[in-house]
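Novice: okay, here's the prediction I keep looking at, along with the sequence it came from:
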Amino acid sequence: MVRLLEVSKLTKRYSQGNIIDRTVFTAVDHISFDINEAEVFTLAGESGCGKTTTAKLILGFEEATSGEIRHNGKVQTRNEKPWLTESVQAIFQDPFSTFNPMRRVDSYFHETVQNFRLAQSKQEATARIDKKLRLVGLTYQEIAGRYPSEFSGGQLQRISIARALVTDPKVIIADEPVSMVDASLRMSIVNLFKQLRDELGVSILYITHDLATAYYVSDRIAIMFRGKIVEMGSVDQVLMKPKHPYSKLLRDSIPQADPRQRWTTTVTLAELEQEEYLRQGCRFAGRCPDVMDICKSVAPADIRVDEALVQCHLYADQNDRQTAASYSMKTQP
Ligand code: SF4
């Protein structure tokens, strides 16, 4: 199994306020995961959970406070910008903001071909672009000379996927790629991800708050809550038999009977709550139905439960809980 992307203890802190009244919060908190060849790995969670910040760190748009990212075994250095390389490409939420309204969309394709020296002639470039467009159900003729406003949101998102494919990337990072697309077109785009995985061996980091499409397209999934991965495993393990109380809450907020057919709603929970980010102990303690005393003072560690990793004291050994609680009492001021 080839590991294309390895994220280890990745952390990003931001500070807010002025020198007198300054708050530091950890938007991404020691998260670790990896993505294998020809795999769809999903980061899921409500708005403000840190999943988009994680994508920005991996793409090099932002610098991590600590932790390590490896692409194909090679450590990503501070100055490296993976989004400028052939092997990692990105697809963003709003296809209309991806393209300049005053610029013809075919020019983006030709620019990418030129930047990466992927063709010897204009004819060869056009053939390459046409091949990628056909993978998403379009042709070069259909886009040539046209501006972004001449396409629907769904078509434009397909065009941005084709553009990402021009360099034959090994990994595509797709940040909420279907959230601004009509419900009727959503499945066609996630089906396209499956097709890219199965036919071209492309790996996809799919970032979403929509568990319906996540369940449909993913091999493995990590649930994020307030900067932490609270549960990670195969999509069947995590969404059909969730262990963490937050994963259960997410799962229960969508219809359950015959989920492959009926999961059409998206999850909408509370907006980012700074209070939860700053909470000592488990960040979910304020709304967890199973909260215990220890949860309010000690942050839970990763525990393997069946085939999943879960961050929750419910699954810790009784002795481990007592040791952690007494250690926390000793170290508190
Ligand atoms: Fe709930 Fe405690 Fe588990 Fe956090 S650690 S999810 S508060 S039981």
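Specialist: That came through, no problem.
Novice: how about the contacts made by the closest residue to the ligand within the stretch 51-200 of the chain?
Specialist: The ligand sits closest to residue 51 of the stretch 51-200 of the chain, with a gap of 18.7 Å, by CB to the nearest ligand atom. (Glycine included, C-beta is placed from N, CA and C.) Neighbour list for residue 51: 43, 44, 45, 175, 207, 224 [criterion: CB atoms under 8 Å, 6 or more residues apart in numbering].
Novice: the third one contacts residue 225, doesn't it?
Specialist: By that I understand residue 45. Yes. Between residue 45 and residue 225 there is a contact at 5.9 Å, judged by CB atoms under 8 Å.
Novice: quick check: buried residues in the longest helix that the chain contains?
Specialist: When the chain is parsed with DSSP state H, its longest helix is helix 183-200. The neighbour-count check on helix 183-200 (16 or more other CB atoms under 10 Å) flags 185, 186, 188, 189, 190, 192, 193, 196, 197 as buried.
Novice: per-residue pLDDT, the last one?
Specialist: Read that as residue 197. Listed pLDDT for residue 197 reads 95.
Novice: that older thread, now secondary structure and distance to residue 85 too, for the contacts of residue 51, in a markdown table please.
Specialist: Shown next, in a markdown table, are the contacts of residue 51 (DSSP: H, G, I helix; E, B strand; the rest coil; distance: CB to CB, whole Å):
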| residue | secondary structure | distance to residue 85 |
| --- | --- | --- |
| 43 | strand | 21 |
| 44 | strand | 26 |
| 45 | coil | 27 |
| 175 | strand | 17 |
| 207 | strand | 19 |
| 224 | strand | 25 |
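Novice: will you turn these into a markdown table that also has distance to the ligand and pLDDT?
Specialist: A markdown table is the format used below for the contacts of residue 51 (distance: CB to the nearest ligand atom, whole Å; pLDDT from 0 to 100):
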| residue | distance to the ligand | pLDDT |
| --- | --- | --- |
| 43 | 19 | 97 |
| 44 | 17 | 96 |
| 45 | 14 | 92 |
| 175 | 26 | 94 |
| 207 | 23 | 96 |
| 224 | 14 | 97 |
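Novice: list just the nearest of those to residue 125.
Specialist: residue 175 (27.6 Å; CB to CB).
Novice: could you list the contact residues of this structure toward the ligand?
Specialist: Residues of the chain lying close to the ligand (CB under 6 Å from any ligand atom) are 244-245, 282, 284-285, 288, 290-292, 295, 300, 312-314.
Novice: which among the residues you listed count as buried?
Specialist: Using 16+ other CB under 10 Å, the buried members of these are 244, 245, 282, 284, 285, 288, 291, 295, 300, 312, 313, 314.
Novice: so what's the last one closest to, chain neighbours aside?
Specialist: On the basis of CB to CB, 6 or more residues apart in numbering, the spatially nearest residue to residue 314 that is not a chain neighbour turns out to be residue 290, at 5.8 Å.
Novice: was I right about that neighbour contacting residue 246?
Specialist: No. The pair residue 290 / residue 246 is not scored as a contact, 10.5 Å apart, by CB under 8 Å.
Novice: can you give me the strands in the stretch 151-300 of the chain?
Specialist: 171-175, 203-208, 220-225, 228-234 (DSSP state E, counting those that start in this stretch).
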